[in-house]
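Q: Sharing a model prediction with you, sequence too.
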Amino acid sequence: MGVLKMAENIKIERDQKIIKVLAAQVRNERLDSNVSNEANEIVHKLSEDMSPQNMHEMGQIMAYTIDETQMKSLDFMTLFADVRNVALGDRPMYRIPTKGIKAFIQATGSTTARTKVTDRQFSLNTFEISSRPAIDVWDIRMNRLNMADLIRQANDQFTLLKLKYIERVIHNGVQVYGSPWYATGVNPGDGIVKATIDTQLKHFKRLGNVVVIGDAVEDFFAITGAPINSSTVQYSGNMIDEKNNNGYVGKYNGASLVKLQNALDDDGVTPILNTDWLYIMVSGISKDQMNLKVLNEGPVYSMTQQTIDDHTLETELTQRFGAGFVVGNKPTMGCYEII
């Protein structure tokens, strides 16, 4: 990555190299040690003089880097959601088709029946996601605290809160529909009932390429085998290797399987996201056809202050976010719940 220039009066901009470097550190990417050290030195230099300007720049570093890492953390959502990133105060209009064009076979010279193409347009409301880390300035000055580690924790919290809200939106939206959009299975042995999930996949594969996302995708391995007789199932050697290497297989019945990264709650035991839901998505369809709508209104903003009593530096990080589940005629995504 080139050399980062040092300056007495440090001014942090969104597109500066330090933001790219810290974002790479947050993602644990390999970097030239000199470049990493220079980025860390800029943070250290700012901490040496907690002037109002330097405190502001520290907050900007955190906000800009979270913005940068959020793009990567939630990039997979563009496969199945209509994601919009807009300026603060903007309210984009989403469009969902309700009736499409039909074609007819008719006698030569006769008048074709008219089909009126209709749609609905709407906007999403947003709410604020916030975090307020308080750090001891001396921890930064004495290199006891790594800025990338701090930003990684904040980014993970932002990401998981967004995913948790989106999960609830999908649950509430899909549960009102029956099969093939929503189905449940009780199978203590395998976790997934093959006949039930196959019925769902058969429907969604007619719409496009299918992706199944969830915490429990490893349960698919038990139903991937080919029955030899009533009591014997044969598994592919490649699939066994893939299961051992990755913990799950990447394909089932024509659908791609994606493991949902699910962190633990504050108790260190309970997963934050639901472990019993599998989300059936169709990739390759137009954004208008996607039921899940996601809105990031503005970037991450920061406000910073120092407390004299205990020398802590407090930074409030805030972003406006919204999500909705909208259906024209029938959903283009579904869920399978293991119960």
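A: That came through fine. Numbering: from 1, shown residues only.
Q: Every contact and neighbour count from this point should use C-alpha atoms.
A: Will do.
Q: Could I get the average pLDDT for the top helix by length along the chain?
A: Across the chain, the longest stretch assigned as helix under DSSP state H is helix 147-174. Averaged across helix 147-174, the pLDDT comes to 87.
Q: Which stretches in the stretch 1-150 of the chain count as strands?
A: 81-86, 94-99, 118-122, 127-131, 134-136 (DSSP state E, counting those that start in this stretch).
Q: how far does the last one sit from the chain's center?
A: I take that to be strand 134-136. Here strand 134-136 is found 28 Å from its chain centre; the criterion is C-alpha atoms, centre = their mean, to the nearest Å.
Q: what do you get for the first one?
A: Averaging C-alpha coordinates over strand 81-86 and over its chain gives two centres that are 12 Å apart (C-alpha atoms, centre = their mean).
Q: returning to what we had before: any chance of CSV for the strands of the stretch 1-150 of the chain, columns mean neighbour count and distance to Glu316?
A: Shown next, in CSV, are the strands of the stretch 1-150 of the chain (neighbours: other C-alpha atoms under 10 Å; distance: least, C-alpha to C-alpha, whole Å):
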stretch, mean neighbour count, distance to Glu316
strand 81-86, 18, 21
strand 94-99, 16, 31
strand 118-122, 12, 31
strand 127-131, 15, 6
strand 134-136, 16, 9
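Q: how about TSV for those, with distance to Thr315 and mean pLDDT added?
A: Output for these, formatted as TSV (distance: least, C-alpha to C-alpha, whole Å; pLDDT from 0 to 100):
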stretch	distance to Thr315	mean pLDDT
strand 81-86	23	89
strand 94-99	34	70
strand 118-122	35	68
strand 127-131	8	90
strand 134-136	7	84
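Q: Out of these, which is closest to Ile338?
A: strand 81-86 (23.3 Å; C-alpha to C-alpha).
Q: name the helices or strands packed onto the closest one?
A: strand 292-306 (3 or more C-alpha pairs under 8 Å, 6 or more residues apart in numbering; DSSP states H and E).
Q: Tell me the strands beside the strand it packs on, with direction?
A: strand 81-86 (parallel), strand 312-325 (antiparallel) (DSSP bridges).
Q: how much does the last one deviate in direction from strand 127-131?
A: Taking axes from the mean of the first three to the mean of the last three C-alpha atoms, to 10 degrees, one finds that strand 312-325 is oriented at 150 degrees with respect to strand 127-131.
Q: mind saving the C-alpha coords of strand 312-325 as PDB?
A: What follows is strand 312-325, C-alpha atoms only, in PDB (Å, rounded to 0.1, in the frame of the first residue of the first chain):
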ATOM      1  CA  THR A 312     -11.600   8.200  29.400                       C
ATOM      2  CA  LEU A 313     -12.200   9.200  25.800                       C
ATOM      3  CA  GLU A 314     -15.900   8.600  25.000                       C
ATOM      4  CA  THR A 315     -17.000   8.300  21.400                       C
ATOM      5  CA  GLU A 316     -20.600   7.900  20.300                       C
ATOM      6  CA  LEU A 317     -21.000   6.200  17.000                       C
ATOM      7  CA  THR A 318     -24.400   6.400  15.300                       C
ATOM      8  CA  GLN A 319     -25.900   5.300  12.000                       C
ATOM      9  CA  ARG A 320     -29.500   5.400  10.700                       C
ATOM     10  CA  PHE A 321     -30.800   2.100   9.400                       C
ATOM     11  CA  GLY A 322     -34.000   0.500   8.300                       C
ATOM     12  CA  ALA A 323     -35.400  -2.700   6.800                       C
ATOM     13  CA  GLY A 324     -38.800  -3.900   5.500                       C
ATOM     14  CA  PHE A 325     -40.300  -7.000   3.900                       C
END
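Q: who's in contact with that strand?
A: Residues outside strand 312-325 that contact it (C-alpha atoms under 8 Å, 6 or more residues apart in numbering) are 55, 59, 63, 124-137, 162, 165-166, 169-170, 173, 291-307.
Q: The shortest one too?
A: Judged by C-alpha under 8 Å, 6+ apart, the contacts made with strand 81-86 from elsewhere in the structure are 77, 92, 287-288, 290-298.
Q: The same query, at a cut-off of 10 Å, please.
A: Residues outside strand 81-86 that contact it (C-alpha atoms under 10 Å, 6 or more residues apart in numbering): 74-75, 77-78, 91-92, 94, 281-283, 285-299, 321-323, 325, 333.
Q: Relative to the whole chain's centre, how far out is the longest helix of the chain?
A: Its chain's average C-alpha position is 7 Å from that of helix 147-174, according to C-alpha atoms, centre = their mean.
Q: what do you get for stretch 145-161?
A: 15 Å.
Q: Skipping its backbone neighbours, what lies nearest the residue most central in space within the chain in space?
A: What sits nearest the mean C-alpha location of the chain, by C-alpha atoms, centre = their mean, is Leu74, with 3.2 Å. Spatially, and ignoring its direct neighbours in sequence, Leu74 is nearest to Thr159 (7.3 Å; C-alpha to C-alpha, 6 or more residues apart in numbering).
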